[in-house]
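Undergrad: make a model of this:
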Amino acid sequence: MAKRKERQVNPEPFDPDGNESIQSKSRSKAAKHHQKGEKLISSRISSKIMKEAMLQQKEIQEEAEAFQGNANSAFFQVEEPPNVEDDDDDDIDEFAGFSETQSQFGGYDEEINEEDERVMEAFLLKDQGRQRTLADLIVERIKEKDAAVASEVRPVPKLDKSILDIYKGVGIHLSKYTAGKIPKPFKHIPAMKHWEEILYVTQPENWSPNAIYQATRIFSSNLGVKKAERFYKLVLLPRVREDIRKNKRLHFALYQSLKKSLYKPAAFFKGILFPLCESRTCTLREAVVIGSIIQKVSIPPLHSSVALLKLAEMEYCGTTSYFIKLLVEKKYALPYRVVDAVVSHFTRFVEETRIMPVIWHQSLLAFVQRYKNELRKEEKDNLRDLLDKQKHRLVTPEIIRELNHSRNRGEKEDDLMSISSPISFINKPIEEDRFDIPEVPMEED
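TA: Residues are numbered from 1 along each chain as shown. Predicted structure coming up:
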């Protein structure tokens, strides 16, 4: 039966005119007995399929030859084959674009408390420098190697003119891109050894928001964690911050780009979240936008634990408390090392003279509510000393109540119950007498 089906799916050879061969005609009658349940592809359609396949094969071969022809440059050396991890990568060329009528807020709450923003400014750097971009990095590299181009604003890497022309054209196309296919040379960039220089030629700062989204899909699928981190940090993050600064909101395509980037959690934290907090220039609006991504997308517990540990240990910025609160509210089981680091993060503010923002108190409350039974007795005492210095009329009483009604690390739940009730009453068995049955009134006939 297997061979018979194979003959049905792959009919006998046909002539170039689309007519069946004499040999296939002689077998046509015998085949009719088992063609009732499964219809054959006609020879004319099969011919068209074969011709289309040959054309596609020829196109792929010509493209490969052209690519090899330009491989004389060191910038076209392939370091590693693309590692496609995202199933969504298959329909990149079928992208229909994001409509300009879609929400430009990206689904996050636009309302920002102006008083909180004003309080947080005390923890921001006064000199809010521009986010470092890919162009800044490559320009520095070029000027270090060649002193003659030190006066040029945007020097060009030493590449073949044909390569420069190709990728300058790709950059022009991406600056106007809205939907449809992505240029094939662009898809080769993730596999190149010196991909950053090639990407620099395309001028990512001028790409359209939809092109940024498509590039994020390609790079998050085809780059390892370290390379994806570089792309996020030098291309995606500066573009997102610039858009928020200019428009007080984030373009929907850029919001979707951030959402897509979190599918590589380690690269997202190292390339987006940590540089944002370490800059100490992250505004409350930026924190709300990027934080909404953390809220909506599932993150592996291990990555969340590492992120909490890193945030707790880095130099404090007002919006750091917002990200700590979001990660704590995911309610993952944290290692004791991370729990202790978060406690140390809060207790170091015991001598702080500045007014702490409301989000700081809220993040402490969220932490205590979730991990109060994992704290040691001395850690709770330190937190109580902290609350004597840093107070909020609404939040602080709730934190104290949570601390007072919790057990210490290592204690069992029964230890907490024994405080309010004697053990003898809690564990007293119920005694029943099967002969002591109350009378049941019966109705008279």
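Undergrad: buried set for stretch 187-205?
TA: 188-192, 194-204 (16 or more other C-beta atoms under 10 Å). Backbone N, C-alpha and C define where each C-beta goes, glycine included.
Undergrad: what's the lowest-pLDDT member of these?
TA: Within the buried residues of stretch 187-205, His194 has the lowest pLDDT, namely 81.
Undergrad: in PDB, list the C-alpha atoms belonging to stretch 395-402.
TA: Provided in PDB are the C-alpha atoms of stretch 395-402 (Å, rounded to 0.1, in the frame of the first residue of the first chain):
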ATOM      1  CA  VAL A 395       1.800  52.300  53.900                       C
ATOM      2  CA  THR A 396       4.000  52.100  57.000                       C
ATOM      3  CA  PRO A 397       1.200  50.800  59.400                       C
ATOM      4  CA  GLU A 398       0.500  48.000  56.900                       C
ATOM      5  CA  ILE A 399       4.100  47.000  56.700                       C
ATOM      6  CA  ILE A 400       4.400  46.800  60.500                       C
ATOM      7  CA  ARG A 401       1.200  44.800  60.700                       C
ATOM      8  CA  GLU A 402       2.600  42.300  58.200                       C
END
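Undergrad: quick check: buried residues in it?
TA: Residues of stretch 395-402 classed as buried: Val395, Thr396, Glu398, Ile399, Glu402 (neighbour count, 16+ other C-beta under 10 Å).
Undergrad: of these, closest to Cys282?
TA: Set against Cys282, the nearest of those by C-beta to C-beta is Val395 (22.3 Å).
Undergrad: what residues does that closest one make contact with?
TA: Val358, His361, Gln362, Leu364, Leu365 (C-beta atoms under 8 Å, 6 or more residues apart in numbering).
Undergrad: list only buried entries from those.
TA: Val358, His361, Gln362, Leu364, Leu365.
Undergrad: and these, which is closest to Tyr213?
TA: Gln362 (32.5 Å).
Undergrad: I figured Gln324 hits Leu308, correct?
TA: Quick fix: residue 324 reads Ile, not Gln. Yes: with contacts defined as C-beta atoms under 8 Å, Ile324 counts as touching Leu308 at a distance of 6.6 Å.
Undergrad: what is in contact with these two at once?
TA: Joint contacts of Ile324 and Leu308 (C-beta under 8 Å, 6+ apart) are Val342.
Undergrad: show me where the stretch 51-200 of the chain has helices.
TA: Assigned by DSSP state H, counting those that start in this stretch, the helices in the stretch 51-200 of the chain fall at 114-120, 134-145, 161-175, 184-187, 195-201.
Undergrad: which elements pack onto the fourth one?
TA: Going back to what we said before, that points to helix 184-187. Judged by 3 or more C-beta pairs under 8 Å, 6 or more residues apart in numbering; DSSP states H and E, the packing partners of helix 184-187 are helix 161-175, helix 209-222.
Undergrad: with that, I have no additional questions.
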